[in-house]
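# I'd like to go over a predicted model; first the sequence, then the structure.
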Amino acid sequence: MLHGDMIEALIVGGGPVAARKARALLGAGALVRVVAPEIGGEILELVAPGARLELVRREYEAGDVGSAQLVIAATADRAVNRRVAADAHAAHRLVNVADEPARGNCRTTATHRAGELVIGISAGGVPQAAARIRDSLAARFGGRYGDAVATLATLRRRLIDDGRQDAWHRAANALLDDDFCERVEKGTFANEAEQWR
């Protein structure tokens with residue numbers, strides 16, 4: 001069920017993998033329910049006032065899929081993960097199986113966020129490789145790129161809202177040319193973007 005425009009997700013498992021998935025889903029604005037007999041500290045750290053996170057401390061049951069559009073099987077028990085996957089498939093839901101990606105019908109990415117900039121990496125079902133590549137990219141595409149994307153988004157909204165679509169297209173062509181990354185990394189991008197306001 002959609003709660004407003006939020007996706008409802010079920011994560012079965014309470015360990016580090018489940019925590020990583022929960023963190024990403026919460027960051028994307030999903031409503032997340034975690035079902036596990038034991039819930040680890042990494043997930044408990046995500047509990048906060050207003051958090052869209054529900055914790056259910058018990059073994060998985062077939063009815064837990066409920067109205068979730070996305071189901072993630074992330075337990076340390078392969079048999080449980082397979083039951084979760086089978087139930088999700090039977091309910092025609094998206095399912096991600098952490099230890100056997102081929103049993104699911106969707107995969108998640110290792111994600112780096114810098115403000116509005118989001119980079120997702122998939123590495124053929126090898127999450128450790130995706131995480132290493134993500135970390136390497138994060139070292140380059142950090143806050144300065146997040147700031148540049150935010151500047152572009154603000155400029156785009158302002159020009160388009162003022163009925164100046166042509167001005168936005170000219171600005172985008174000038175600012176997002178082959179030298180965009182070089183200007184961001186040298187710190188000159190913000191000044192150049194200011195000229196288009």
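Cool, the structure landed. Numbering: from 1, shown residues only.
# break this protein down into its structural domains.
Listed by automatic domain parsing, the domain ranges of the chain are 8-108, 143-194.
# which of these is buried the deepest?
Most buried of these by mean neighbour count (mean count of other CB atoms under 10 Å) is domain 8-108; its value is a mean of 18. All C-beta spots, glycine's among them, are computed from the backbone N, C-alpha and C.
# quote the end-to-end distance of that domain.
For domain 8-108, the first-to-last residue distance is 15 Å (CA to CA, to the nearest Å).
# same for the helix or strand of the chain with the lowest mean pLDDT, what does it pack against?
When the helices and strands of the chain are scored by mean pLDDT, DSSP states H and E, strand 110-114 comes last with a mean of 84. Using 3 or more CB pairs under 8 Å, 6 or more residues apart in numbering; DSSP states H and E, the elements in contact with strand 110-114 are helix 16-27, strand 117-121, helix 127-140, helix 143-161.
# so where is this structure shaky, pLDDT-wise?
Applying pLDDT under 70 to the chain flags residues 1-4.
# nearest the geometric middle of it, what residue?
Closest residue to the average C-alpha location of the chain: Ala24 at 4.5 Å, with CA atoms, centre = their mean.
# what about Arg144, distance to Gly63?
48 Å (CB to CB, to the nearest Å).
# extract the CA atoms of stretch 29-43 and return them as CSV.
Taking Å, rounded to 0.1, in the frame of the first residue of the first chain, the C-alpha atoms of stretch 29-43 are listed here in CSV:
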residue,chain,number,x,y,z
GLY,A,29,11.7,8.2,1.8
ALA,A,30,10.2,4.6,2.1
LEU,A,31,8.1,3.4,5.0
VAL,A,32,10.1,0.4,6.4
ARG,A,33,9.0,-2.5,8.5
VAL,A,34,11.8,-4.8,9.8
VAL,A,35,10.8,-8.3,11.0
ALA,A,36,13.4,-10.4,12.9
PRO,A,37,13.6,-12.2,16.2
GLU,A,38,16.8,-10.3,17.1
ILE,A,39,17.4,-6.7,15.9
GLY,A,40,20.9,-5.5,15.9
GLY,A,41,22.3,-2.2,17.1
GLU,A,42,22.8,-0.8,13.6
ILE,A,43,19.1,-1.0,13.0
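# need the residues that contact that stretch.
With CB atoms under 8 Å, 6 or more residues apart in numbering as the test, stretch 29-43 has contacts from 3, 5-16, 18-20, 22, 25-26, 52-61, 64, 68, 70, 75.
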